[in-house]
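J.: sequence-free structure coming up:
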């Protein structure tokens, strides 16, 4: 969370392009997503309502696509799971999704992801030029801009990996993450100890996405042919095709 819009809505920053979704089980990512949603609804939104003296029930999200690669499409399942959870349990909590720092591969990824989203969600997506600073300053002050929107650049910008300290809203030392960590610890302290779950794992139940009619494989293949002559694309194409075949076998099974 980097700040608030001029009318009090929390600004949530998400580093899509630099996310490393292969570092943990899908269940832990889902658990983390739910924790942040609950913290937003129970703490952030009521706090904004009190601060701005008006009812605040929604937020805006700024999605940084710096570093985005076609290989990210390997995480389609995680995306659809999180999307379904939000549609079923947290509907209409986000006013607008702003896409910034979109590299050339974004259009290919978007054509694959777009059919998986609810129509009401697709209508909320706005792709901004460059880092989106000029457009975002129309709805929020400079101090509330996410760090990746404060510098001019594109999807290949250099600053995101090197940003540290208070200036970087992704930093674990950022005030938002400290408050979230404290809140989760306080909530956990009030729960009576239970016997360990079998195999020592914590699992979050979620609905399986229905991909019928989406024709994801055909869409990916089409985008491959359009981009295969561009530099640096061959390796990503090979990795994604391998993953795609595995997904197809799993689906058929």
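T.: Ah, there it is. This is a predicted model, so every value here is computed, not measured.

J.: What residues sit buried inside the host helix or strand of residue 183?
T.: Secondary structure from DSSP states H and E places residue 183 in helix 175-189. Of the residues in helix 175-189, 176, 180, 183 count as buried by neighbour count, 16 or more other CB atoms under 10 Å. For glycine as for every other residue, the C-beta is placed from the backbone atoms N, C-alpha and C.

J.: And the helices in the protein, which stretches?
T.: If DSSP state H is used as the criterion, the helices of the chain fall at 26-39, 45-52, 76-89, 106-113, 119-122, 133-136, 175-189, 216-227, 234-252.

J.: Just give me the lowest mean pLDDT stretch among those.
T.: Across the helices of the chain, helix 234-252 has the smallest mean pLDDT, namely a mean of 53.

J.: which other helices and strands contact the helix holding residue 183?
T.: helix 26-39 (3 or more CB pairs under 8 Å, 6 or more residues apart in numbering; DSSP states H and E).

J.: and the helix it packs on, which residues are buried?
T.: Across helix 26-39, burial judged by 16+ other CB under 10 Å covers 26, 29-30, 33-34, 36-37, 39.

J.: And for stretch 107-121?
T.: 108-109, 112-113, 116-117, 121.

J.: ok, these vs residue 44, which is closest?
T.: Nearest to residue 44 out of the buried residues of stretch 107-121 is residue 121 (CB to CB; 20.5 Å).

J.: Wait, that closest one touches residue 80, no?
T.: No. With contacts counted by CB atoms under 8 Å, residue 121 stays clear of residue 80, the gap being 11.7 Å.

J.: From residue 135, how far out is residue 149?
T.: 9 Å (CB to CB, to the nearest Å).

J.: neighbour-wise, which of the two wins?
T.: Counted by other CB atoms under 10 Å, residue 149 and residue 135 do not tie: residue 149 has more neighbours, with 29 against 15.

J.: Would you confirm that that one contacts residue 136?
T.: Yes. Residue 149 is within contact range of residue 136, at 5.9 Å (criterion: CB under 8 Å).

J.: Identify the contacts common to those two.
T.: Shared contacts of residue 149 and residue 136, defined by CB atoms under 8 Å, 6 or more residues apart in numbering, are found at 62, 100.

J.: my guess is residue 176 meets residue 10, correct?
T.: No. In this structure residue 176 lies outside contact range of residue 10 using CB under 8 Å: 9.3 Å.

J.: tell me, what's touching those two both at once?
T.: residue 1.

J.: picking up where we left off before, just the buried residues of helix 175-189 now: which is nearest residue 16?
T.: Comparing the buried residues of helix 175-189 against residue 16 with CB to CB places residue 176 closest, at 17.7 Å.

J.: Tell me the confidence at residue 190?
T.: If you check residue 190, the pLDDT there is 80.

J.: Could you give the number of residues near it?
T.: Count around residue 190 with other CB under 10 Å applied: 6.

J.: thinking again about what came up before, can you list the buried residues of helix 26-39 in CSV and add distance to residue 141?
T.: Formatted as CSV, those follow (distance: CB to CB, whole Å):
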residue, distance to residue 141
26, 37
29, 32
30, 33
33, 28
34, 30
36, 23
37, 25
39, 23
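
J.: Confirm for me that residue 26 is in contact with residue 77.
T.: Yes. The pair residue 26 / residue 77 is scored as a contact, 7.0 Å apart, by CB under 8 Å.

J.: looking at it, residue 98 is touching residue 64, isn't it?
T.: No. The criterion here is CB under 8 Å, and residue 98 misses it with residue 64 at 9.7 Å.
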